[in-house]
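> coords please:
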Amino acid sequence: MNRDCPPRFILCEFDSIQTSSPTMADQYQYNANEEKIVKDSHTKEIDLINRDPKQINEDVVKVEFEDVIAEPDGTHSMDGVWKLSYTTFTVSKYWCYRVLSAVFGIPVALLWGFLFACISFCHIWAVVPCIKSCVIESQCLSRIYSLCIQTFCDPFFEALGKVFSSVRVALRKEA
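Below you'll find the predicted structure:
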């Protein structure tokens, strides 16, 4: 879509379709929507309930008390110790994560943002153009190679084929 001019608006009236040129108000609305879209991409709403919608950490860090500490039959501690251990494990894991994320979350997010920006920059400005350049060059070399094969090898192998085309192989089984 050309960004310099807004799209034509289609007005539908029963069975006939009419096109009209956009008015100044329509053009202003188009520009306002475009700015809103750009603005919204930087201020995206985040889901505070489901913080792993793609479930990338489902199996990795989802560790519960039962996954780490378990007492087999015949070797049980006192019920109070077991309950207090469960509470201690759960609460310490919860608050330790919260404190660590409060202290290091923003700096680490800054580092990851910087890293992924650098990776994106490298891919956009170096890797993809380099690959595209290699593809263009290899297509050129492929055509030259194909031309050489067609010019020199094809006639030679066709001639060999004609020489050996009259050879007949008979297979007999002798007992």
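> so what pLDDT did the most centrally placed residue in the chain get?
Centroid-nearest residue in the chain: Ser120, 11.8 Å away (criterion: Cα atoms, centre = their mean). We have a pLDDT of 97 for Ser120.
> repeat for Phe156
For Phe156, pLDDT reads 94.
> gap between it and Leu147?
Distance, Phe156 to Leu147, by Cβ to Cβ, to the nearest Å: 15 Å. (C-beta placed from N, C-alpha, C; glycine too.)
> what do you get for Gly113?
According to Cβ to Cβ, Gly113 stands 50 Å off from Leu147.
> Could you do Asp79 as well?
Taking Cβ to Cβ as the measure, Asp79 and Leu147 are separated by 85 Å.
> element containing the residue nearest to the centre of the chain?
Per DSSP states H and E, Ser120 falls inside helix 79-122.
> and Phe89, how many neighbours?
A count of nearby residues for Phe89, using other Cβ atoms under 10 Å, gives 16.
> Isn't it up against Val68?
Yes. Between Phe89 and Val68 there is a contact at 7.3 Å, judged by Cβ atoms under 8 Å.
> any chance you could map the strands in the chain?
Using DSSP state E, the strands found in the chain span residues 9-13, 16-20.
> And the lowest mean pLDDT element among the helices and strands of the protein?
The least trusted helix or strand in the chain, going by mean pLDDT, DSSP states H and E, turns out to be strand 9-13, with a mean of 42.
> low pLDDT regions in this structure?
1-43 (pLDDT under 70).
> From the contact counts, what lies against the helix holding Ser120?
Judged by 3 or more Cβ pairs under 8 Å, 6 or more residues apart in numbering; DSSP states H and E, helix 79-122 is in contact with helix 65-68.
> for the helix it packs on, packing partners?
Partner elements for helix 65-68 (3+ Cβ pairs under 8 Å, 6+ apart): helix 79-122.
> so how far is the helix it packs on off the chain centroid?
Relative to the centre of its chain, helix 79-122 is centred 25 Å away, using Cα atoms, centre = their mean, to the nearest Å.
> Quick one: residues in contact with stretch 72-90.
For stretch 72-90, the external contacting residues (Cβ atoms under 8 Å, 6 or more residues apart in numbering) are Phe65, Val68, Ile69, Glu71.
> If we use 10 Å, what do you get?
Val63, Glu64, Phe65, Glu66, Val68, Ile69, Glu71 (Cβ atoms under 10 Å, 6 or more residues apart in numbering).
> Looking at the residues you listed, state which has the most neighbours.
Going by other Cβ under 10 Å, Phe65 tops these with 15 neighbours.
> Now do it against Cys118, distance only.
40 Å.
> One more: Arg51?
Taking Cβ to Cβ, one finds Arg51 at 25 Å from Cys118.
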